[in-house]
Structure formats: C-alpha cells, structure tokens
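Asker: A predicted structure for the sequence below; I have some questions about it.
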Amino acid sequence: MKQHLVNLLPPATLVAIVCFWMFGPAAWLANEYTLVWVTSITTAFVLGLEFLFERHPGWRMDWREFATDLFYVILGATVITWVTNVAAEEPLMAAKKALGIATPWAGRLPFLVQVVSVMAIIEFGQYWMHRLMHNSTPFWLTHAPHHHITQLNAMKGSVGNPIELFLISLSVLAFFDFSPTAKFCAISVNAAIAIYAHANVAANPPFFYAFFFTTIRNHSLHHSVPYEDTRCNYGNSLIIWDRVFGTFREGEASVVGQDDRKRLSIWEQTVFPFVPLIQAYKARKGQAS
C-alpha cells in the first residue's frame, strides 16, 4: 500500500499544480513570479521525497552536489531566462506583430485544452532539439556536460552548459495567443514532470501517467553510460513524442554518466563545447614552434 501511494505522488503533484492555476487567487495567477514560486516549491517537495523514498543509494546527494545543482537552477531562472526573452521571445513577438499573425482562438479554448496544447508545443520543439543534440557533434558538445552528471536528483534537469540551456529553451509558443495563466500552468506542469524524471525517488507512476509523461525509469536509461544507449527517450516531459517518432525504449539504469563517468566542475561544463577548438589551436601552435 505504501509503495502504491508513492507511485501516485507524481500524478497527484500534477493535479495539485493544475488546480492551483485553475482556482488560485487572481492576483497570484496574474503575477509571472508566481511561476517561479510554484516551480521552487515543487522542487523542494521532490527533494524532500528523495530523503524519504530513496531510489538508489548511489545517487544520494551531498552538499557539494546540492550547491552545484542550486547554482544551475538559479542560472536558469535568471540569466538563461533573460537571454531567451531578449534573443528569442521578443524578436518572435516582433515578427508576429509585423507579419500580422493573430490566433485569438487559442485563448478561447477550454483552459485544460490550452494547457495541454502549450505543453505539446513546447515539448515538440524540445524533443527535436534534444534529438539533434544527440545526433550532431557540434550540438552534442553543448549537451554532453548534462550527461556527465553521475547521479540523478530533482534539480539535475537544470544542470548543463549555458549554450545548451538556451537552445533547449527555444520554442515557437510566442506565435500563439494562449492565456498567460494557461501558459504558466503548462510550464509548471512540464517542470514538475521533468523534476520527477530526474529525481532519486522510488516512484513508478501508473501506466496512464507513464504512457504520456517521462518518468525516472525511462529517463535514467537516457542517462546511462554507453553513448548509444542515450539515443532514446528524448522527451524532457512528454515521452509520448518518443512513442510517436519511434525513439522510445523501455528500461532503466542505475549507473549514469559519460566518458568514464567523469564529473565536470561548473567551469568545465561552461568551456566544454570549446575544448576541441582549444586543443586544435594548441596543437597547431605546438607544431609551429
């Protein structure tokens, strides 16, 4: 009975988040900072579950790991969000206005339909960007640091090279006139799914959840050590796109990491995409001398 209840925690969390965005105080729902609070509370809740219902002792977090993960969570919520808004969202909004594109029908859809639509649009773009990163060397160099993590925890979805974090955040959502609350709700739900998909929590959600949403079982396989085994289960939150496009693979891994499971520092993750260029430059310089 206890395990059954633990397995229901991910879907119960999603229901709670949706109910908040549907019935919460209007002043809160209109404030974009509420999105940060909802995601932060969800993260803290799942981190607590890791202590109560640990999945793998080898993934147990220490203070160094916690501090590193927290750095990336803050980086994503501040710098990456700002860069995405300035370099992508605002230009797309300007292009939408210049082209006279309007989709008022999107904001008139039932709330839950809007939420599901926003989730699907965001995840469709992330699926193909993620898949590109695993099948193209230049893009893999930006994404590889995320696969150098040697344990999975609730905040690990935020860990990675800044270039990758920017690329994976891109979407065409700006072209659609969904209600702000529906977008906030969808982003919160996607974040909660991704948090659970990286968390060291012994929860195996029921089929009605796992068929559509990414779980720690399938996402841990995506983080497994052999590189070829990582080329599956690309869905950050919606595993349904993997099922549709033939990249879904059943299974689970308890040992994760790349390149002899070498853990990278924050600096090493930041410069990782440029290492081949740096090495080539040093080699040419050495030959010249």
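Answerer: Received it, and whenever you're ready, just let me know what you need.
Asker: leaving out the residues flanking it, which one is nearest to H148?
Answerer: L264 (4.6 Å; CB to CB, 6 or more residues apart in numbering). Every residue, glycine included, has its C-beta placed from N, CA and C.
Asker: do I have it right that the one you found meets P145?
Answerer: Yes - contact criterion CB atoms under 8 Å: L264 and P145 qualify, at 5.6 Å.
Asker: okay, and the common contacts of those two?
Answerer: F272 (CB atoms under 8 Å, 6 or more residues apart in numbering).
Asker: assumed D177 was part of a helix.
Answerer: No - secondary structure of D177 (DSSP: H, G, I helix; E, B strand; the rest coil): coil, not part of a helix.
Asker: quick check: it touching I101?
Answerer: No - using CB under 8 Å, D177 is not in contact with I101, being 9.2 Å away.
Asker: helix, strand or coil for the residue nearest to H148?
Answerer: Criterion first, three-state DSSP; result for L264: coil.
Asker: burial of it, as a residue count?
Answerer: Burial of L264 is recorded as 22 neighbouring residues (other CB atoms under 10 Å).
Asker: ok, now which ones touch it?
Answerer: Taking CB under 8 Å, 6+ apart as the test, what L264 contacts is P145, H148, F272.
Asker: residue contacts, A106?
Answerer: Q114, S117, F176, D177, F178.
Asker: what is the mean pLDDT for stretch 156-165?
Answerer: Across stretch 156-165, the average pLDDT comes to 96.
Asker: and it, C-alpha only, in CSV?
Answerer: In CSV, the C-alpha atoms belonging to stretch 156-165 read as follows (Å, rounded to 0.1, in the frame of the first residue of the first chain):
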residue,chain,number,x,y,z
LYS,A,156,19.6,17.8,-12.3
GLY,A,157,17.3,18.8,-15.2
SER,A,158,18.7,22.4,-14.8
VAL,A,159,22.3,21.3,-15.0
GLY,A,160,24.2,21.8,-18.2
ASN,A,161,26.3,24.1,-20.5
PRO,A,162,24.7,27.6,-20.8
ILE,A,163,24.5,27.3,-24.6
GLU,A,164,22.5,24.1,-24.3
LEU,A,165,20.3,25.6,-21.6
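Asker: run the chain-centre distance for that stretch.
Answerer: 9 Å (CA atoms, centre = their mean, to the nearest Å).
Asker: could you do stretch 58-69 as well?
Answerer: Worked out by CA atoms, centre = their mean, stretch 58-69 lies 18 Å from the chain centre.
Asker: also stretch 103-114?
Answerer: 25 Å.
Asker: buried residues, that stretch. List them.
Answerer: Neighbour-count burial for stretch 103-114 flags A106, Q114 (criterion: 16 or more other CB atoms under 10 Å).
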